[in-house]
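A.B. asks: Here you go, sequence then predicted model.
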Amino acid sequence: MFENLTEKLGNVFSSLKKRGALTEKHVDEALKEVRMALLEADVSLPVVKEFIDQVRKRAVGHEVLRSITPGQQVIKIVNDTLIDTLGSNNSPLEINHSPPAIILLVGLQGSGKTTTAGKLALHLKTKQRKKVMLASLDIYRPAAREQLRILGEQAEVMVLPESDGQSPENITKRALAASKVQAIDVLILDTAGRTTLDDIMMKEAKEVFSISKPSETILVADSLTGQDAVNTAKAFKEILDLSGVILTRTDGDARGGAALSMRSVTGCPIKFVGTSEKLDGLETFHPDRAAARILDMGDVVSLVEKAAETIAEEDAEKMMERLSKGSFDMNDMLKQIGQLKKLGGLSGVMSMLPGIGKLQKQMAANNFDDKVIAKQEAIIYSMTLKERKNVGLLNASRRKRIASGSGSSVHDVNRLVKQQQEMARMIKKVGKVGGIGGLKNIFSSPKENELSSSIDNNQMPTSIEEMKKLMGNMPNANNLFNRFGSAGLPGLGGKPSKKIK
């Protein structure tokens with residue numbers, strides 16, 4: 001979502017860091033470029049003005065202009081101001097009082113309310129262990145209630161049965177009664193939307209709000225609509241006591257302006273962001289981490305948290321036991337590729353690492369993407385079980401068969417086999433030296449306060465050639481985890497830290 005903004009701000013700050021000393025003129029020139037970048041990202045004009053004023057006020061001070069590293073000081077000021085603009089701290093849902101807690105979702109039609117309701121239900125069920133019920137109040141859109149029913153089945157949560165002829169107000173009362181009988185912890189009400197703001201929708205939302213007395217009234221806004229999303233938020237805020245915002249489609253080509261404007265314009269925190277169309281594609285919004293991504297500082301903490309959630313501790317321990325004995329075959333490599341895919345694929349992982357933003361276009365131009373990972377996976381699946389355990393069986397005819405079966409070339413097969421053999425030799429060597437303890441020292445996660453300093457921009461590659469060298473010319477989970485294992489990634493089955501706040 002912030003890719004274009006990150007690129008433009010990166011260019012501005014690169015020129016600042018090259019200067020040994022800064023003057024007010026230098027700061028003003030840089031802030032002019034920052035202002036243009038924010039406006040092009042569709043950030044609200046009043047928000048841009050306030051942002052620039054705050055940064056300039058702090059950046060032209062004696063402490064910055066006389067600093068040994070003035071460029072870095074200005075970047076820190078921009079980072080802090082971004083965090084303030086986005087909301088300082090993440091705001092958890094207020095759902096821990098007497099059940100059932102009511103969450104009312106409002107917004108325009110097409111903003112993703114129904115899909116978000118299903119995602120939120122799954123999030124509350126899996127992350128907070130809540131008993132959730134979904135109820136559709138949309139009696140206008142065809143198949144709206146059927147869509148919510150299907151999402152409820154996928155999330156394995158209760159859904160209020162349909163009843164034709166009832167008004168949204170009556171459905172709300174029925175949902176409240178059913179949730180009390182079923183001892184529901186959280187009831188999510190999915191309201192109807194319209195293509196545009198109108199009096200009928202607003203009146204209906206206000207009546208449902210009055211009946212349900214929700215713990216959380218959340219606006220679901222499409223980040224792709226830019227300033228329209230901000231205008232919608234302002235309109236709902238005037239009639240309802242909004243407690244938060246969920247931005248959807250942040251994985252698209254949105255320019256990021258809605259996220260930067262929403263908090264300042266409405267005063268409501270961004271609670272979650274939708275990161276994909278999948279049911280688990282909902283992430284808690286952290287202003288400090290979002291600011292770090294915008295400034296290309298990476299988001300290693302989120303990456304470690306995601307690793308801790310997706311990689312089972314038992315599986316990690318079993319892998320560690322195998323590796324400590326010097327065993328690493330194609331089955332192990334396949335598991336590593338699977339782990340990488342669970343973390344969001346190569347692009348998802350790389351986007352969370354600092355200093356990668358400036359290489360995104362080069363990576364795309366050189367086909368440095370998840371398609372190569374998929375090809376590696378296809379090659380391994382084209383092998384027999386015996387071949388996966390012992391690549392020494394792969395003679396010329398077998399390699400030709402595997403290449404044909406996976407839609408790749410013999411050269412691709414040879415390259416993958418070479419990578420596996422190199423990794424196996426390295427694992428065997430480390431296992432002999434330090435056993436399982438040695439492996440844990442290499443691949444275990446650092447302490448929380450070391451995460452932010454484990455990887456910095458100076459450690460990152462500065463060209464696609466360095467990236468290819470780093471990743472062994474053909475990116476896979478093993479090379480990636482080997483390089484960044486010390487930053488908390490689950491390198492080669494290493495157990496990620498779970499003590500992250």
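C.D. replies: Perfect, thanks for sending it.
A.B. asks: Ramachandran angles for the nearest residue to residue 400 once chain neighbours are set aside?
C.D. replies: Residue nearest to residue 400 in three dimensions, not counting chain neighbours: residue 410, with 5.9 Å by Cβ to Cβ, 6 or more residues apart in numbering. C-beta coordinates here come from the backbone N, C-alpha and C atoms, glycine included. With angles defined as degrees, to the nearest 10, residue 410 shows backbone torsions of phi -60, psi -30.
A.B. asks: Who are the contact partners of residue 410?
C.D. replies: Taking Cβ atoms under 8 Å, 6 or more residues apart in numbering as the definition of contact, the neighbours of residue 410 are 399, 400, 403.
A.B. asks: From those residues, keep the buried residues only.
C.D. replies: Using 16 or more other Cβ atoms under 10 Å as the burial test, the contacts of residue 410 include 399, 403 as buried.
A.B. asks: Reformat the contacts of residue 410 as CSV; add pLDDT and distance to residue 60.
C.D. replies: Below are the contacts of residue 410 laid out as CSV (pLDDT from 0 to 100; distance: Cβ to Cβ, whole Å):
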residue, pLDDT, distance to residue 60
399, 93, 65
400, 94, 67
403, 93, 62
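A.B. asks: So which of the contacts of residue 410 is the closest to residue 260?
C.D. replies: Of all those, residue 403 has the smallest distance to residue 260: 48.3 Å, by Cβ to Cβ.
A.B. asks: three-state assignment of the closest one?
C.D. replies: At residue 403, secondary structure determined by DSSP: H, G, I helix; E, B strand; the rest coil is helix.
A.B. asks: was I right about it contacting residue 413?
C.D. replies: Yes. Under the contact definition of Cβ atoms under 8 Å, residue 403 touches residue 413, with a separation of 5.1 Å.
A.B. asks: Quick check: neighbours shared by the two?
C.D. replies: Common neighbours of residue 403 and residue 413 are listed as residue 379 (criterion: Cβ under 8 Å, 6+ apart).
A.B. asks: quick one, domains of this protein?
C.D. replies: With automatic domain parsing serving as the domain definition, the record reports that the chain contains domains spanning 3-86, 101-294, 300-493.
A.B. asks: Now tell me which of those the model trusts least on average.
C.D. replies: Out of those, domain 300-493 stands lowest, with a mean of 65 (criterion: mean pLDDT).
A.B. asks: Return the closest of the contacts of residue 410 with respect to residue 170.
C.D. replies: Nearest to residue 170, judged by Cβ to Cβ, of the contacts of residue 410 is residue 403 at 63.5 Å.
A.B. asks: What residues does the closest one make contact with?
C.D. replies: By Cβ under 8 Å, 6+ apart, the contact list for residue 403 reads 379, 382, 409, 410, 412, 413.
A.B. asks: Not counting its neighbours along the chain, what's nearest the second one?
C.D. replies: Going back to what we said before, that points to residue 382. residue 405 (3.8 Å).
A.B. asks: quick one: that neighbour from residue 7, how far?
C.D. replies: According to Cβ to Cβ, to the nearest Å, residue 405 stands 40 Å off from residue 7.
A.B. asks: same check, this time on residue 260
C.D. replies: Using Cβ to Cβ, residue 260 is found at 16 Å from residue 7.
A.B. asks: Looking only at neighbour counts, state which of the two leads.
C.D. replies: Per other Cβ atoms under 10 Å, whichever of residue 260 and residue 7 has more neighbours is residue 260, with 28 against 15.
A.B. asks: Spatially nearest residue to that one, not counting backbone neighbours?
C.D. replies: Leaving out its chain neighbours, the residue that sits closest to residue 260 by Cβ to Cβ, 6+ apart is residue 43, at 4.7 Å.
A.B. asks: any idea whether that neighbour is helix, strand or coil?
C.D. replies: Following three-state DSSP, the label given to residue 43 is coil.
A.B. asks: Hmm, it is touching residue 264, no?
C.D. replies: No. The criterion here is Cβ under 8 Å, and residue 43 misses it with residue 264 at 9.2 Å.
A.B. asks: out of the two, which sits in the more crowded spot?
C.D. replies: Set side by side, residue 43 and residue 264 show unequal neighbour counts under other Cβ under 10 Å, the larger going to residue 43 at 26 against 19.
A.B. asks: For that one, what are phi and psi?
C.D. replies: Its backbone dihedrals place residue 43 at phi -80, psi 140, with angles given as degrees, to the nearest 10.
A.B. asks: And residue 185, its phi and psi?
C.D. replies: Per degrees, to the nearest 10, the backbone of residue 185 is at phi -80, psi -40.
A.B. asks: and it, what is it in contact with?
C.D. replies: 95, 99, 100, 101, 124, 130, 131, 132.
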